[in-house]
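Student: below is the sequence, then the predicted model.
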2 protein chains.
Amino acid sequence: MTETARRRDDKAAAAGIAALTAAFGNRVVTSQAVREQHGNSLTWIPNQPPDAVVFPQSTADVQQIVRICAQHNLPVIPYGAGTSLEGHINAPFGGVTVDFRDMNKVLAVHAEDLDCVIEPGITRKQLNEYLRDQGLFFPIDPGADASLGGMASTRASGTNAVRYGTMKDNVLSLKAVMPNGEIVTTATRAKKSSSGYDLTRLLIGAEGTLGIITELTLRLQGIPEAIAGGICPFPSVEAACNATIMTIQSGIPVARIELLDEVQIRACNAYSKLTLPEKPMLFVEFHGSEAGVAEQSERFGEIARELGGGPFEWTTKPEERTRLWQARHDVYWAAKSLRPGSQCFATDVCVPISRLAECVTAAQTEARRLDLLTPIAGHVGDGNFHMSLLVNMDDHGEVDRAKELSGKLVELALAMEGTCTGEHGVGQGKQKYLLAEHGAPALAAMAAVKRALDPQNLMNPGKIIALE
Amino acid sequence: MTETARRRDDKAAAAGIAALTAAFGNRVVTSQAVREQHGNSLTWIPNQPPDAVVFPQSTADVQQIVRICAQHNLPVIPYGAGTSLEGHINAPFGGVTVDFRDMNKVLAVHAEDLDCVIEPGITRKQLNEYLRDQGLFFPIDPGADASLGGMASTRASGTNAVRYGTMKDNVLSLKAVMPNGEIVTTATRAKKSSSGYDLTRLLIGAEGTLGIITELTLRLQGIPEAIAGGICPFPSVEAACNATIMTIQSGIPVARIELLDEVQIRACNAYSKLTLPEKPMLFVEFHGSEAGVAEQSERFGEIARELGGGPFEWTTKPEERTRLWQARHDVYWAAKSLRPGSQCFATDVCVPISRLAECVTAAQTEARRLDLLTPIAGHVGDGNFHMSLLVNMDDHGEVDRAKELSGKLVELALAMEGTCTGEHGVGQGKQKYLLAEHGAPALAAMAAVKRALDPQNLMNPGKIIALE
């Protein structure tokens, strides 16, 4: 490809990296091991390492990096915790990975305003550890202990999204180095604003293709006075989904409502030595006052019973909640252990909740047809679910069937007014579905925005939008 | 100005309007009365009528209008209910106003998914009237009975935002005609997505400058089982603000928490023949189960008492709630009647809630210094408040002082990490503050997006971004 050829001008790249090294010394690393580690895609897309990795310590550092890279036409790829699932951090055209390892500080906590200002490299667990003493927490929790900069960039969510929203709802403002090297602050600390275009939301989910996030102002929540958690088996995925719909419709402010299908329960039973019935199960959690969570739990139990579910076991005691929720916490490792030696590819789609049962059931049918082992776990309150494809990578036929299933799942979701990814992002892996999902005019608008802000196609090229 | 001169090519405009008339017949109106009504700015910016007003009946109509206007370089100005407050619907360069009066249908309600699909001309009250039988409501409630298209375009909010968010949080997807005449659908009906740039949020708050919204998919809420409402006087604005902070911090999911200052209370007492103490008052509302709202009300009452407020009167009976909330409902007319014959200019700012008391108090002091009568009412849970400037338009000195106060208010808000508008939008009136609020690099990014999507500067030119 022309693009690849243009990018792979080794002389220009070497000059750029020399300039970076002159500026940043041993914070620029070009060893093969480090480069390969940073190109890790956690999917079946091959690793594509960058030419160098640089570790900035400030927004000014990032600005200087972007300016040097622009001069030498070197791609710039932001890197947080390396947990993205669709090849977001690969370097298909080489270039420089900007690793935020050293930018992981909490810069300010404003308890009265329920917000904090942080650097992008801090992970969600580190942040919550820091906040706990002040009775505060940040609710967005993707499976991995991802960095907050990465979570903003992929518009991540997790189990709490049904109540607290996604990254798009929980970032007040961003500081970012734009492709032209300018530093932009997208908004003030005000909780809302009608002032100008929403640059905050433009950068959230842009996967580093429009600018590099160097600071985030996040909305926080008070740690609830009481938390009730419980689990409830259902006779079918459909009954579990209907219970979820009724729960939300009736205004019960459920904080988490997670579906594990029978295959996933089997995996968890084996992995964690549990004896749960091998049926679709809902894992629920309620946040509020003591009386409030008790009332919510009782009402959920009634709804579950009405739909043939139950028994619904719940408790407010932390150890007990952990025990009940053990299967949910173990989803990833349990899935992996279901088939030792296999690779586990996590894919996700999201549909309107009224179509969720249909979508999950159709996906299960497809998996059986293709003879694949694919436990399913879903953030069912959002209509979002994950399929873990357990694949023996030495069996090329199986790899092909897994790819087929992955594509089929997206097809199903799109046919049901859904999206090809609820929370993992596009990266490289889901680019091919964007035309079907968004249509040509919307993609053209996205491309126009990309070209306007990044005419050199410097920022994480080859992700989301294919400009060629 | 070159821009004005270029736009005011009367011959080109006449040709464009002739082409529109050929296509739309008597749905194109050029009478002076109709044109002037559509240029109404509800502020001290003079009315700037368009050359014609057209009444589309479908997205295809709007597409055709945009294409004809593009051919003849005619500005296109979308018009909903005409309630915007900062000159959003003025036509400084002439052009064609697209009035959505005839596009006001509910196209679908998906009760299980808690969403609906509507045309942009329907007003919020019409929509809620339509939804009531199904036990659903749309929570965003700006003061006026605005159209939903306009509310999306100004990123509106209102009294419920503290619990339910703003328009940015309650629109799932938009259909829009882009400046190039293409029809874009910004997202699917999935509750969340990580697929591509957030075109939905890019159009929300863009005030029609990036495309014309022709359809909206909105998130809905179930009508709460119980609603409790009440009022509570406080010894000072500061005490009222501190009570608000503590209420939110302690996790009480207050649905509405509104501050009226002593001047506003005086106005309401006079207008509605009430005998409320002339002190800062909080008007609160809680949504939930019977037991839930009772508990929330009790806990709020305790917090209020701790801060020297009270007595806190509350009730779940609808008639009683209406009686207690009467003063809040009458804010606008009460303010106006405080000074018969004056014009009432509503301006708004938003600051972090920790700075709100300071900001309101400083604004009151400035108003006294400038000898102006300015009742204040605020969505205090968001740090957002409105000042109603009651101005005798025949007194030029007073008009100047009112403009000074309006500017001073923005200065105060920006100095306190706030925004020049929490929910009214920029329009023409607040353009001059954007540089101070956003900084040159952010404005440059906004301008780049505008130029990329609308190279002819066809869409509502002269609003938000000054491209010259």
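Tutor: Nice, thanks for sending it over.
Student: drop to CA atoms for contacts and neighbour counts, all remaining ones
Tutor: Noted.
Student: which residues are in contact with the helix or strand hosting residue A:359?
Tutor: Residue A:359 belongs to helix A:356-369 when assigned by DSSP states H and E. Outside helix A:356-369, the residues that touch it by CA atoms under 8 Å, 6 or more residues apart in numbering or on different chains are A:237-238, A:241, A:351, A:373-374, A:380, A:383-385, A:405, A:408-409, A:412-413, A:416.
Student: residue A:288 is in contact with residue A:255, correct?
Tutor: No. Assessed by CA atoms under 8 Å, residue A:255 is found out of contact with residue A:288, at 9.4 Å.
Student: low-confidence stretches in chain A?
Tutor: Residues of chain A meeting the criterion pLDDT under 70: A:1-8, A:468.
Student: ok, back up a step: of the contacts of helix A:356-369, which pair is most distant in space?
Tutor: Farthest apart among those by CA to CA are A:373 and A:416. That separation is 23.6 Å.
Student: torsion angles phi and psi at residue A:185?
Tutor: As for residue A:185, its main-chain torsions (degrees, to the nearest 10) stand at phi -110, psi 120.
Student: how about the nearest residue to it once chain neighbours are set aside, secondary structure?
Tutor: Closest residue in space to residue A:185, ignoring its immediate chain neighbours: residue A:175 at 4.4 Å, by CA to CA, 6 or more residues apart in numbering or on different chains. Counting by DSSP: H, G, I helix; E, B strand; the rest coil, the backbone at residue A:175 sits in strand.
Student: hey, what's residue A:175 bridged with?
Tutor: Note on residue A:175: beta-bridge partners by DSSP bridges are residue A:185, residue A:215.
Student: that one: what's it in contact with?
Tutor: A:183-186, A:213-216.
Student: residue A:318 now?
Tutor: For residue A:318, no contacting residues are found, by CA under 8 Å, 6+ apart.
Student: please redo it, this time with the cut-off set to 10 Å
Tutor: Contacts for residue A:318 (CA atoms under 10 Å, 6 or more residues apart in numbering or on different chains) come out as A:226-229, A:324.
Student: ok, which stretches of the stretch 201-350 of chain A are helices?
Tutor: For the stretch 201-350 of chain A, the helices defined by DSSP state H, counting those that start in this stretch cover A:237-249, A:262-272, A:290-306, A:318-329, A:331-337.
Student: between those helices, which one is nearest to residue A:440?
Tutor: Per CA to CA, nearest to residue A:440 of those: helix A:237-249, 33.2 Å.
Student: how about the closest one, does it reach chain B?
Tutor: Yes. Judged by CA under 10 Å from any CA of the partner chain, helix A:237-249 and chain B are in contact via A:242, A:244-246, A:248-249.
Student: could you do stretch A:82-95 as well?
Tutor: No. Stretch A:82-95 lies out of reach of chain B by CA under 10 Å from any CA, never closer than 11.4 Å.
Student: report the distance from stretch A:459-468 to the chain centre.
Tutor: 19 Å (CA atoms, centre = their mean, to the nearest Å).
Student: do stretch A:330-340 as well
Tutor: Once both centres are worked out by CA atoms, centre = their mean, stretch A:330-340 turns out to sit 19 Å from its chain's centre.
Student: and it, C-alpha only, in PDB?
Tutor: Once non-C-alpha atoms are left out, stretch A:330-340 reads as follows in PDB (Å, rounded to 0.1, in the frame of the first residue of the first chain):
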ATOM      1  CA  ASP A 330     -13.900 -15.300  37.800                       C
ATOM      2  CA  VAL A 331     -15.500 -15.100  34.400                       C
ATOM      3  CA  TYR A 332     -12.400 -14.500  32.400                       C
ATOM      4  CA  TRP A 333     -10.100 -17.100  34.000                       C
ATOM      5  CA  ALA A 334     -12.900 -19.600  34.200                       C
ATOM      6  CA  ALA A 335     -13.600 -19.200  30.500                       C
ATOM      7  CA  LYS A 336      -9.900 -19.700  29.700                       C
ATOM      8  CA  SER A 337      -9.600 -22.800  31.900                       C
ATOM      9  CA  LEU A 338     -12.600 -24.400  30.300                       C
ATOM     10  CA  ARG A 339     -10.300 -25.300  27.500                       C
ATOM     11  CA  PRO A 340      -6.600 -25.400  28.600                       C
END
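Student: quick one: contacts of that stretch?
Tutor: By CA under 10 Å, 6+ apart, stretch A:330-340 touches A:143-144, A:260, A:263-272, A:327-328, A:342-346, A:373-377, A:387-392.
Student: any idea how far residue A:253 lies from residue B:81?
Tutor: 34 Å (CA to CA, to the nearest Å).
Student: whoops, I mixed them up, residue A:20
Tutor: For residue A:20, the distance to residue B:81 - CA to CA - is 56 Å.
Student: all strands of the stretch 301-450 of chain A, in order?
Tutor: Using DSSP state E, counting those that start in this stretch, the strands of the stretch 301-450 of chain A run over residues A:313-315, A:343-350, A:376-379, A:384-391.
Student: now the end-to-end length of stretch A:145-154.
Tutor: Distance between the two ends of stretch A:145-154: 14 Å, counting by CA to CA.
Student: run the contact check for that stretch versus chain B.
Tutor: Yes. Using CA under 10 Å from any CA, stretch A:145-154 reaches chain B at A:153-154.
Student: pull the distance from that stretch to the chain's centre.
Tutor: For stretch A:145-154 - counting by CA atoms, centre = their mean - the centre lies 7 Å from the chain centre.
Student: which residues are in contact with residue A:189?
Tutor: Counting by CA under 10 Å, 6+ apart, residue A:189 has contacts A:113, A:115-117, A:171-174, A:217-219, B:350-353, B:414, B:416-419.
Student: for it, helix, strand, or coil?
Tutor: Going by three-state DSSP, the secondary structure assigned to residue A:189 is coil.
Student: residue B:415 versus that one, what's the distance?
Tutor: When residue A:189 is compared with residue B:415 (using CA to CA), they lie 11 Å apart.
Student: need the residues touching each of those two.
Tutor: residue B:351.
Student: residue of the stretch 101-250 of chain A closest to chain B, please.
Tutor: residue A:193 (4.1 Å; CA to the nearest CA).
Student: and residue A:125, how many neighbours?
Tutor: Neighbours of residue A:125 under the rule other CA atoms under 10 Å in any protein chain shown: 17.
Student: can you tell me if the host helix or strand of it touches chain B.
Tutor: Here residue A:125, judged by DSSP H and E, is contained in helix A:124-131. No. Interface with chain B: helix A:124-131 contributes nothing (CA under 10 Å from any CA), its closest point being 13.8 Å away.
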